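**Q** Can you look at this prediction? I've put the sequence above it.
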Amino acid sequence: MSPVPLPPVAEPFQLPFHYGALHQVGVDWLVDPEPVRRLLGAHHPDLTAAAFDDGRALVSLNYQLYFAQYAFGGGVTQEVEFSVVAFPTADAHRLPRLTYAAYARGWDQTKLLGIARLHVVCDNPFAIRAGRELYAEPKRPGWFEVGLPSLNGPSGATWTVRCGAAGDGPDGTLERTPEPLLDLTVRLDGLTAAPACSAPVTGYGTDPEGRLLAGPMNVYQPYGWHDLSAPEHAGRTRLEVRAPEGDLGRDVRSLLPDGTPASGAWTYQSPPVAAHHRPYYPTAGHPL
């Protein structure tokens, strides 16, 4: 059998793409597998939804804020991904049998269990083009209003994300519309995260010719995973669909009926690389 060629890398992109900083929160839900299988088959026919506790499928939504340095300067990008955890159907015999908690901690060393992206909303035109052309991501323009845990803000571990729709503007820009798509709130205050060595995370896409693509993303330190399965954690996450008539809203509601409790949440925040400290008055020339 002859080797399979790698997918082409379109100009002007270079791979791997290096992140200068990454801040990310994701929420996982264990759900009824039948709606998941139907929707996954429509988007990615060569993938099968993974089965976890009691045969349930796993749906995930994550928000990312990242910085990248280019030869011409820097760029900041935000995006959300709505995905199903799935694997290539032809490789089913290679998969370990895992609980959700084991998967969330990174026990799948085959890395075949990946995120099959159903919808991606992004606020950077260059990143939208890269996602579409390199990884066959179903990426569309959008905007974000967020509140994040930060060393430069009040203490706390609550994430709030509002995602809205945007259109293509002049000269490769995006034009924000007043339409919000969804709101996500994740309250992790008071919880202790377990280290999760889940990278590289495999992201799946299906290109216009129907070919399945797999793109690994390496994160160089562990994620923090929060087990939310206990009943007392049911109110820690809230996902509100603001545009139920759109394709994203329709698919979210079909897989996550109102009141579906989250099973877990995971976070990653790049450590700071420098700090500019408070000024002081030198004694020379100044009265004490």
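**A** Sure, I can see it.
**Q** Going along the chain, name the helices of the stretch 101-250 of the chain.
**A** With helices called from DSSP state H, counting those that start in this stretch, the stretch 101-250 of the chain shows them at 125-135, 247-255.
**Q** Which positions within the first one qualify as buried?
**A** The reference is to helix 125-135. The neighbour-count check on helix 125-135 (16 or more other C-beta atoms under 10 Å) flags 125, 127-135 as buried. Using the backbone N, CA and C atoms, a C-beta is placed for each residue, glycine as well.
**Q** and that helix, what other elements does it pack with?
**A** Here helix 125-135 touches strand 73-88, strand 114-122, strand 139-147, strand 212-217, going by 3 or more C-beta pairs under 8 Å, 6 or more residues apart in numbering; DSSP states H and E.
**Q** ranking the ones you listed by burial, who's on top?
**A** Most buried of the helices and strands packed on helix 125-135, by mean neighbour count (mean count of other C-beta atoms under 10 Å): strand 114-122, with a mean of 24.
**Q** other SSEs contacting that one?
**A** When contacts are defined as 3+ C-beta pairs under 8 Å, 6+ apart, strand 114-122 packs onto helix 33-43, strand 73-88, helix 125-135, strand 139-147, strand 201-206, helix 247-255.
**Q** Run the chain-centre distance for the fourth one.
**A** When distances are taken as C-alpha atoms, centre = their mean, to the nearest Å, strand 139-147 is centred 12 Å away from the chain's centroid.
**Q** Each with direction, which strands does it pair with?
**A** strand 114-122 (parallel), strand 158-168 (antiparallel) (DSSP bridges).
**Q** Also the fifth one?
**A** Using DSSP bridges, the strands paired with strand 201-206 in its sheet are strand 114-122 (parallel), strand 212-217 (antiparallel).
**Q** pLDDT of the first one, averaged?
**A** Strand 114-122 shows a mean pLDDT of 98 in the predicted model.
**Q** swap in the shortest one?
**A** Over the span of strand 212-217, the pLDDT mean works out to 96.
**Q** and it, how far out from the chain's middle?
**A** 14 Å.
**Q** Report the contact partners of His226.
**A** 188, 191, 193-194, 264-267 (C-beta atoms under 8 Å, 6 or more residues apart in numbering).
**Q** with these in mind, which one is nearest to Tyr66?
**A** Proximity of the contacts of His226 to Tyr66 (C-beta to C-beta) peaks at Thr267, which lies at 13.8 Å.
**Q** for that closest one, helix, strand, or coil?
**A** Classification of Thr267 using DSSP: H, G, I helix; E, B strand; the rest coil returns strand.
**Q** And the most centrally placed residue in the chain, which helix or strand is it part of?
**A** When C-alpha atoms, centre = their mean is applied to the chain, the residue found nearest the centroid is Asn62 (3.3 Å). Assessed by DSSP states H and E, Asn62 sits inside strand 57-70.
**Q** what pairs with that strand, and is each one parallel or antiparallel?
**A** When pairs are called by DSSP bridges, strand 57-70 turns out to pair with strand 21-31 (antiparallel), strand 73-88 (antiparallel).
**Q** pLDDT of the last one, averaged?
**A** What that stands for is strand 73-88. Strand 73-88 shows a mean pLDDT of 97.
**Q** And the shortest one, by the same measure?
**A** For strand 21-31, the per-residue pLDDT values average out at 98.
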